[in-house]
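Peer 1: no sequence for this one, just the structure:
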């Protein structure tokens, strides 16, 4: 009489552990990239408002021979006399500095933890020449 060996189905504990380790490694690589992508998408608010400030400053200068400066706004406020509205759920506050012949508009994250919950603030600027640049880019590093 020969004993017939019963067929075993399923995975061994070692195979399951390998799968869990591989998933952990993939998650460790993907999550930081996902968070940075989310932070970059949030920067579009600052870039959009700063471009709007630039356009409105140019129009104001055409009519008044000076730029608007020494003003700022946070969520739910307007930058006057420019017609720039900051939404209630804004992530940035805005300040315009400069003088009669030049200006710099700065957007700074309101949260002390920036866009991705670290100590780096996200700060963007546009000047009277339309140059938009990051002073401190929270998505880098």
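Peer 2: Noted; the coordinates are in hand. Everything numeric here is computed off the predicted structure, so don't read it as measured data.
Peer 1: and residue 47, what is it in contact with?
Peer 2: 124, 132 (Cβ atoms under 8 Å, 6 or more residues apart in numbering). Every residue, glycine included, has its C-beta placed from N, CA and C.
Peer 1: check which helix or strand covers it.
Peer 2: Element membership for residue 47 (DSSP states H and E) is helix 13-64.
Peer 1: and the next helix or strand past that helix?
Peer 2: Per DSSP H and E, helix 13-64 leads on to strand 71-73 as the next helix or strand towards the C-terminus.
Peer 1: give me the sheet partners of that following strand and which way each runs.
Peer 2: Using DSSP bridges, strand 71-73 pairs in its sheet with strand 92-98 (antiparallel).
Peer 1: can you list the buried residues in the partner strand?
Peer 2: Residues of strand 92-98 classed as buried: 92, 93, 94, 95, 96, 98 (neighbour count, 16 or more other Cβ atoms under 10 Å).
Peer 1: per-residue confidence at the nearest residue to residue 102 once chain neighbours are set aside?
Peer 2: Leaving aside its chain neighbours, residue 102 sits nearest to residue 128 (4.7 Å; criterion: Cβ to Cβ, 6 or more residues apart in numbering). pLDDT, the model's per-residue confidence, is 97 for residue 128.
Peer 1: what is the neighbour count of residue 128?
Peer 2: 17 (other Cβ atoms under 10 Å).
Peer 1: and if you look at residue 124?
Peer 2: Residues near residue 124, counting by other Cβ under 10 Å: 23.
Peer 1: many thanks, I have nothing further to ask.
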